[in-house]
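A.B. asks: Below is the structure, and that's it, no one-letter string:
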Ligand SMILES: Nc1ncnc2c1ncn2[C@@H]1O[C@H](COP(=O)(O)OP(=O)(O)OP(=O)(O)O)[C@@H](O)[C@H]1O
(Lines give C-alpha, C1' and ligand atoms only; values in the text may rest on other atoms or scores of the structure.)
Protein backbone atom coordinates (compact mmCIF):
# COMPACT_ATOMS: atom_id res chain seq x y z
CA UNK A 1 0.00 0.00 0.00
CA UNK A 2 1.30 3.46 -0.87
CA UNK A 3 2.31 5.51 2.17
CA UNK A 4 0.47 8.60 3.33
CA UNK A 5 2.45 11.30 5.11
CA UNK A 6 0.37 13.92 6.87
CA UNK A 7 2.07 16.97 8.32
CA UNK A 8 -0.29 19.04 10.43
CA UNK A 9 0.46 22.54 11.65
CA UNK A 10 4.09 21.52 12.23
CA UNK A 11 6.38 23.82 14.18
CA UNK A 12 10.10 23.23 14.75
CA UNK A 13 12.02 25.60 17.02
CA UNK A 14 15.65 25.81 18.02
CA UNK A 15 15.63 28.11 21.03
CA UNK A 16 14.25 31.37 19.68
CA UNK A 17 14.65 30.36 16.02
CA UNK A 18 11.49 29.16 14.35
CA UNK A 19 12.64 26.82 11.55
CA UNK A 20 9.21 25.45 10.62
CA UNK A 21 6.24 27.66 11.27
CA UNK A 22 2.81 25.98 11.27
CA UNK A 23 3.32 23.94 8.11
CA UNK A 24 0.56 21.66 6.86
CA UNK A 25 1.19 19.31 3.95
CA UNK A 26 0.00 15.91 2.79
CA UNK A 27 2.16 13.61 0.67
CA UNK A 28 0.10 10.78 -0.62
CA UNK A 29 1.08 7.80 -2.72
CA UNK A 30 4.14 7.25 -4.85
CA UNK A 31 5.97 10.08 -6.50
CA UNK A 32 9.19 12.05 -6.58
CA UNK A 33 8.50 15.24 -4.66
CA UNK A 34 10.90 18.14 -5.16
CA UNK A 35 11.43 20.09 -1.94
CA UNK A 36 12.77 23.55 -2.71
CA UNK A 37 13.60 26.48 -0.47
CA UNK A 38 16.31 29.05 0.01
CA UNK A 39 19.10 28.51 2.52
CA UNK A 40 17.67 28.36 6.01
CA UNK A 41 14.07 28.00 4.80
CA UNK A 42 13.59 24.85 6.90
CA UNK A 43 14.03 21.92 4.46
CA UNK A 44 16.45 19.91 6.62
CA UNK A 45 14.42 20.59 9.75
CA UNK A 46 11.28 19.36 8.02
CA UNK A 47 12.97 16.21 6.69
CA UNK A 48 14.53 15.34 10.03
CA UNK A 49 11.14 15.56 11.74
CA UNK A 50 9.55 13.41 9.02
CA UNK A 51 12.31 10.82 9.55
CA UNK A 52 11.64 10.82 13.30
CA UNK A 53 15.14 12.10 14.11
CA UNK A 54 13.84 15.27 15.70
CA UNK A 55 10.77 15.87 17.84
CA UNK A 56 8.29 18.45 16.58
CA UNK A 57 7.94 21.53 18.79
CA UNK A 58 4.27 21.64 17.84
CA UNK A 59 1.81 19.96 15.49
CA UNK A 60 2.17 16.42 14.21
CA UNK A 61 3.72 14.25 11.51
CA UNK A 62 1.92 11.01 10.79
CA UNK A 63 2.75 8.07 8.55
CA UNK A 64 -0.40 6.17 7.64
CA UNK A 65 -2.14 7.83 10.57
CA UNK A 66 0.54 6.89 13.14
CA UNK A 67 2.93 9.32 14.84
CA UNK A 68 6.51 8.85 13.60
CA UNK A 69 8.64 10.05 16.50
CA UNK A 70 9.82 7.16 18.69
CA UNK A 71 7.68 4.75 16.68
CA UNK A 72 9.91 2.02 15.27
CA UNK A 73 7.18 0.59 13.07
CA UNK A 74 7.08 3.94 11.27
CA UNK A 75 10.78 4.85 11.31
CA UNK A 76 11.91 1.54 9.76
CA UNK A 77 9.76 2.47 6.73
CA UNK A 78 11.53 5.81 6.35
CA UNK A 79 15.08 6.40 5.16
CA UNK A 80 16.64 9.87 5.34
CA UNK A 81 20.00 10.40 3.67
CA UNK A 82 21.68 13.69 4.46
CA UNK A 83 24.60 15.41 2.84
CA UNK A 84 27.82 13.83 4.06
CA UNK A 85 25.90 10.65 4.84
CA UNK A 86 24.99 9.27 8.22
CA UNK A 87 27.05 6.22 8.19
CA UNK A 88 29.31 4.10 10.37
CA UNK A 89 32.58 5.17 12.06
CA UNK A 90 35.36 6.50 9.84
CA UNK A 91 37.52 3.49 10.75
CA UNK A 92 34.96 1.07 9.25
CA UNK A 93 34.76 0.09 5.59
CA UNK A 94 32.15 0.70 2.90
CA UNK A 95 31.30 -3.02 3.10
CA UNK A 96 30.55 -2.63 6.83
CA UNK A 97 28.30 0.37 6.13
CA UNK A 98 26.36 -1.72 3.60
CA UNK A 99 26.15 -4.69 5.96
CA UNK A 100 24.92 -2.45 8.75
CA UNK A 101 22.28 -0.98 6.43
CA UNK A 102 21.16 -4.44 5.32
CA UNK A 103 20.66 -5.40 9.01
CA UNK A 104 18.73 -2.22 9.76
CA UNK A 105 16.65 -1.86 6.62
CA UNK A 106 13.80 -4.33 6.13
CA UNK A 107 13.48 -3.61 2.39
CA UNK A 108 17.25 -3.65 1.67
CA UNK A 109 18.28 -4.81 -1.82
CA UNK A 110 21.89 -6.05 -1.72
CA UNK A 111 22.08 -6.63 -5.48
CA UNK A 112 21.08 -3.00 -6.07
CA UNK A 113 23.79 -1.83 -3.66
CA UNK A 114 26.42 -3.97 -5.45
CA UNK A 115 25.37 -2.60 -8.83
CA UNK A 116 25.54 0.99 -7.59
CA UNK A 117 29.02 0.44 -6.11
CA UNK A 118 30.06 -0.23 -9.71
CA UNK A 119 28.14 2.77 -11.05
CA UNK A 120 29.91 5.11 -8.61
CA UNK A 121 33.23 3.20 -8.77
CA UNK A 122 33.35 2.75 -5.01
CA UNK A 123 35.55 0.02 -3.58
CA UNK A 124 33.73 -1.88 -0.81
CA UNK A 125 37.08 -2.37 0.96
CA UNK A 126 37.72 1.40 1.32
CA UNK A 127 37.69 2.87 4.80
CA UNK A 128 34.95 5.49 5.26
CA UNK A 129 37.57 7.92 6.60
CA UNK A 130 39.54 7.67 3.37
CA UNK A 131 36.61 8.58 1.12
CA UNK A 132 36.50 11.96 -0.60
CA UNK A 133 33.48 14.20 -0.05
CA UNK A 134 32.01 13.07 -3.38
CA UNK A 135 32.61 9.41 -2.59
CA UNK A 136 30.83 9.84 0.75
CA UNK A 137 27.91 11.42 -1.11
CA UNK A 138 27.93 8.48 -3.53
CA UNK A 139 27.78 6.08 -0.59
CA UNK A 140 24.79 8.05 0.73
CA UNK A 141 23.06 7.72 -2.65
CA UNK A 142 23.69 3.96 -2.63
CA UNK A 143 22.41 3.56 0.95
CA UNK A 144 19.29 5.60 0.14
CA UNK A 145 18.41 3.77 -3.06
CA UNK A 146 19.23 0.23 -1.90
CA UNK A 147 17.24 0.77 1.33
CA UNK A 148 14.06 0.77 -0.84
CA UNK A 149 12.24 2.40 2.06
CA UNK A 150 8.59 3.20 1.26
CA UNK A 151 9.41 6.79 2.30
CA UNK A 152 12.86 7.83 1.04
CA UNK A 153 14.18 11.30 1.80
CA UNK A 154 17.29 12.71 0.14
CA UNK A 155 18.49 15.95 1.72
CA UNK A 156 20.99 17.51 -0.69
CA UNK A 157 22.76 14.18 -0.68
CA UNK A 158 24.50 14.64 -4.02
CA UNK A 159 26.11 18.02 -3.31
CA UNK A 160 29.64 16.64 -3.20
CA UNK A 161 29.23 14.68 -6.43
CA UNK A 162 30.76 15.82 -9.70
CA UNK A 163 28.41 16.34 -12.66
CA UNK A 164 28.82 12.86 -14.23
CA UNK A 165 28.16 11.19 -10.86
CA UNK A 166 25.14 13.41 -10.21
CA UNK A 167 23.71 12.44 -13.59
CA UNK A 168 24.42 8.79 -12.80
CA UNK A 169 22.51 9.24 -9.54
CA UNK A 170 19.52 10.83 -11.28
CA UNK A 171 19.42 7.98 -13.82
CA UNK A 172 19.74 5.35 -11.08
CA UNK A 173 17.04 7.05 -9.01
CA UNK A 174 14.61 7.25 -11.90
CA UNK A 175 15.23 3.64 -13.01
CA UNK A 176 14.88 2.35 -9.46
CA UNK A 177 11.74 4.42 -8.90
CA UNK A 178 10.16 3.06 -12.10
CA UNK A 179 10.83 -0.52 -10.96
CA UNK A 180 9.94 0.13 -7.31
CA UNK A 181 7.65 3.16 -7.04
CA UNK A 182 7.66 4.75 -3.60
CA UNK A 183 7.35 8.11 -1.90
CA UNK A 184 10.59 9.97 -2.51
CA UNK A 185 11.39 13.52 -1.38
CA UNK A 186 14.42 15.23 -2.91
CA UNK A 187 15.57 18.48 -1.43
CA UNK A 188 17.85 20.33 -3.78
CA UNK A 189 19.41 23.60 -4.82
CA UNK A 190 20.33 22.15 -8.23
CA UNK A 191 16.82 22.74 -9.46
CA UNK A 192 17.28 22.63 -13.21
CA UNK A 193 19.25 19.40 -13.08
CA UNK A 194 16.58 17.55 -11.16
CA UNK A 195 13.38 19.27 -12.26
CA UNK A 196 12.57 16.63 -14.90
CA UNK A 197 12.38 13.96 -12.18
CA UNK A 198 9.76 15.74 -10.08
CA UNK A 199 6.16 14.65 -10.04
CA UNK A 200 5.37 17.66 -7.91
CA UNK A 201 7.11 20.65 -6.41
CA UNK A 202 6.91 21.91 -2.82
CA UNK A 203 8.43 25.30 -2.04
CA UNK A 204 8.93 26.35 1.54
CA UNK A 205 9.94 29.81 2.61
CA UNK A 206 10.73 31.02 6.12
CA UNK A 207 9.42 27.72 7.46
CA UNK A 208 6.04 28.10 5.76
CA UNK A 209 4.54 26.37 2.75
CA UNK A 210 4.75 28.83 -0.13
CA UNK A 211 3.55 26.66 -2.97
CA UNK A 212 2.74 23.08 -3.85
CA UNK A 213 1.86 22.16 -7.44
CA UNK A 214 2.22 19.18 -9.69
CA UNK A 215 5.33 19.53 -11.82
CA UNK A 216 3.52 20.04 -15.11
CA UNK A 217 1.31 22.78 -13.71
CA UNK A 218 4.11 24.74 -12.10
CA UNK A 219 6.31 24.44 -15.20
CA UNK A 220 3.47 26.02 -17.18
CA UNK A 221 2.89 28.86 -14.76
CA UNK A 222 6.09 30.80 -15.32
CA UNK A 223 6.41 32.68 -18.60
CA UNK A 224 8.68 35.37 -19.92
CA UNK A 225 7.29 38.04 -22.25
CA UNK A 226 9.48 40.29 -24.34
CA UNK A 227 8.45 43.24 -26.50
CA UNK A 228 7.80 46.98 -26.61
CA UNK A 229 7.21 48.54 -23.21
CA UNK A 230 3.61 49.65 -23.80
CA UNK A 231 2.55 46.32 -25.35
CA UNK A 232 4.09 44.41 -22.43
CA UNK A 233 2.32 46.72 -19.97
CA UNK A 234 -1.05 46.03 -21.65
CA UNK A 235 -0.48 42.28 -21.80
CA UNK A 236 0.51 42.02 -18.14
CA UNK A 237 -2.11 44.35 -16.68
CA UNK A 238 -3.64 42.64 -13.62
CA UNK A 239 -1.20 39.70 -13.77
CA UNK A 240 1.46 38.78 -11.21
CA UNK A 241 4.71 40.20 -12.58
CA UNK A 242 7.65 38.60 -10.80
CA UNK A 243 10.46 40.59 -12.38
CA UNK A 244 10.99 43.28 -15.01
CA UNK A 245 14.02 44.22 -17.09
CA UNK A 246 14.23 47.07 -19.58
CA UNK A 247 16.70 47.46 -22.38
CA UNK A 248 15.99 50.73 -24.19
CA UNK A 249 12.38 50.55 -25.43
CA UNK A 250 12.24 46.76 -24.99
CA UNK A 251 10.88 45.26 -21.83
CA UNK A 252 11.28 41.71 -20.58
CA UNK A 253 9.04 40.47 -17.78
CA UNK A 254 8.63 37.25 -15.83
CA UNK A 255 4.96 36.50 -15.24
CA UNK A 256 3.26 33.97 -13.00
CA UNK A 257 -0.23 32.87 -13.96
CA UNK A 258 -2.43 30.67 -16.12
CA UNK A 259 -0.34 29.86 -19.19
CA UNK A 260 -3.22 29.94 -21.71
CA UNK A 261 -4.43 33.35 -20.58
CA UNK A 262 -0.93 34.86 -20.57
CA UNK A 263 -0.13 33.34 -23.97
CA UNK A 264 -3.38 34.67 -25.46
CA UNK A 265 -2.64 38.19 -24.25
CA UNK A 266 0.96 37.96 -25.48
CA UNK A 267 -0.21 36.79 -28.91
CA UNK A 268 -2.71 39.65 -29.11
CA UNK A 269 0.11 42.12 -28.44
CA UNK A 270 2.62 40.37 -30.72
CA UNK A 271 5.05 39.64 -27.90
CA UNK A 272 7.74 37.00 -27.74
CA UNK A 273 6.79 34.32 -25.20
CA UNK A 274 9.06 31.81 -23.51
CA UNK A 275 8.78 29.33 -20.67
CA UNK A 276 10.48 30.39 -17.46
CA UNK A 277 12.81 27.69 -16.14
CA UNK A 278 11.67 26.30 -12.78
CA UNK A 279 14.81 27.66 -11.15
CA UNK A 280 14.04 31.23 -12.31
CA UNK A 281 10.46 30.87 -11.16
CA UNK A 282 11.70 29.68 -7.78
CA UNK A 283 14.13 32.61 -7.46
CA UNK A 284 11.38 35.12 -8.26
CA UNK A 285 8.72 33.53 -6.04
CA UNK A 286 11.07 33.46 -3.05
CA UNK A 287 12.49 36.94 -3.60
CA UNK A 288 12.19 39.44 -0.76
CA UNK A 289 8.68 40.89 -0.60
CA UNK A 290 7.12 38.52 -3.18
CA UNK A 291 5.20 36.54 -0.56
CA UNK A 292 1.86 37.98 0.40
N1 LIG B 1 20.74 22.77 15.23
C2 LIG B 1 20.29 24.01 15.06
N3 LIG B 1 20.37 24.93 16.05
C4 LIG B 1 19.90 26.19 15.87
N5 LIG B 1 19.31 26.63 14.73
C6 LIG B 1 19.20 25.76 13.74
C7 LIG B 1 19.68 24.42 13.83
N8 LIG B 1 19.42 23.79 12.65
C9 LIG B 1 18.82 24.69 11.87
N10 LIG B 1 18.68 25.89 12.50
C11 LIG B 1 18.06 27.09 11.98
O12 LIG B 1 16.77 26.74 11.50
C13 LIG B 1 16.49 27.39 10.27
C14 LIG B 1 16.19 26.35 9.20
O15 LIG B 1 17.37 25.62 8.96
P16 LIG B 1 17.38 24.33 8.01
O17 LIG B 1 18.74 23.74 8.10
O18 LIG B 1 16.21 23.49 8.32
O19 LIG B 1 17.17 25.04 6.58
P20 LIG B 1 17.49 24.48 5.11
O21 LIG B 1 16.35 24.94 4.25
O22 LIG B 1 17.74 23.01 5.15
O23 LIG B 1 18.81 25.28 4.76
P24 LIG B 1 19.98 24.97 3.69
O25 LIG B 1 19.36 24.99 2.32
O26 LIG B 1 20.90 26.12 3.90
O27 LIG B 1 20.57 23.64 4.04
C28 LIG B 1 17.69 28.28 9.98
O29 LIG B 1 17.41 29.56 10.46
C30 LIG B 1 18.80 27.64 10.76
O31 LIG B 1 19.75 28.61 11.16
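C.D. replies: Looks like it came in fine. Keep in mind that this is a model prediction, so the values were computed, not measured.
A.B. asks: Name the residues of the helix or strand of the chain with the lowest mean pLDDT that come out as buried.
C.D. replies: Averaged element by element with mean pLDDT, DSSP states H and E, the chain has its least confident helix or strand at helix 215-221 (a mean of 87). For helix 215-221, the buried set under the neighbour-count rule, 16 or more other Cβ atoms under 10 Å, comprises 215, 218-221. From N, CA and C alone the C-beta is placed, and that goes for glycine too.
A.B. asks: so which of these would you say is closest to the ligand?
C.D. replies: Distance ranking of the buried residues of helix 215-221 against the ligand, using Cβ to the nearest ligand atom, places residue 218 first at 18.9 Å.
A.B. asks: Helix or strand next in line after the helix or strand that residue 274 is a member of, which one?
C.D. replies: Applying DSSP states H and E as the criterion places residue 274 in strand 272-275. Scanning the chain past strand 272-275 towards its C-terminal end, the next helix or strand to appear is helix 278-285 (assignment: DSSP H and E).
A.B. asks: Write out the residues of this structure neighbouring the ligand.
C.D. replies: Residues of the chain lying close to the ligand by Cβ under 6 Å from any ligand atom are 14, 17, 19, 37, 39-45.
A.B. asks: Give me the buried subset of those.
C.D. replies: 19, 37, 41-45.
A.B. asks: before we move on, back to that, check the residues of the chain next to the ligand and tell me the two furthest apart.
C.D. replies: In the residues of the chain next to the ligand, the most distant members under the criterion Cβ to Cβ are 14 and 37, with 16.5 Å between them.
A.B. asks: and the residue nearest to residue 29 when sequence neighbours are not counted, how far is that from residue 184?
C.D. replies: If the residues on either side of it in the chain are set aside, residue 29 comes closest to residue 2, at 4.2 Å by Cβ to Cβ, 6 or more residues apart in numbering. The spacing between residue 2 and residue 184, counted by Cβ to Cβ, to the nearest Å, is 12 Å.
A.B. asks: same check, this time on residue 49
C.D. replies: As judged by Cβ to Cβ, residue 49 and residue 184 stand 17 Å apart.
A.B. asks: Is it correct that residue 158 is in contact with residue 133?
C.D. replies: No. Look at residue 158 against residue 133 with Cβ atoms under 8 Å: they stay out of range, at 11.1 Å.
A.B. asks: In terms of neighbours, single out the busier of the two.
C.D. replies: Of the pair residue 158 and residue 133, residue 158 is the one with more neighbours under other Cβ atoms under 10 Å, namely 27 against 13.
A.B. asks: For residue 99, give me the backbone phi and psi.
C.D. replies: With angles defined as degrees, to the nearest 10, residue 99 sits at phi -60, psi -40.
A.B. asks: count of neighbours near it?
C.D. replies: Residue 99: 17 neighbours (other Cβ under 10 Å).
A.B. asks: per-residue confidence for it?
C.D. replies: The predicted local confidence for residue 99 comes out at a pLDDT of 95.
A.B. asks: How much space separates it from residue 93?
C.D. replies: Relative to residue 93, residue 99 is positioned 9 Å away (criterion: Cβ to Cβ).
A.B. asks: Surely residue 134 forms part of a helix?
C.D. replies: Yes. In this structure, residue 134 lies within a helix as judged by DSSP: H, G, I helix; E, B strand; the rest coil.
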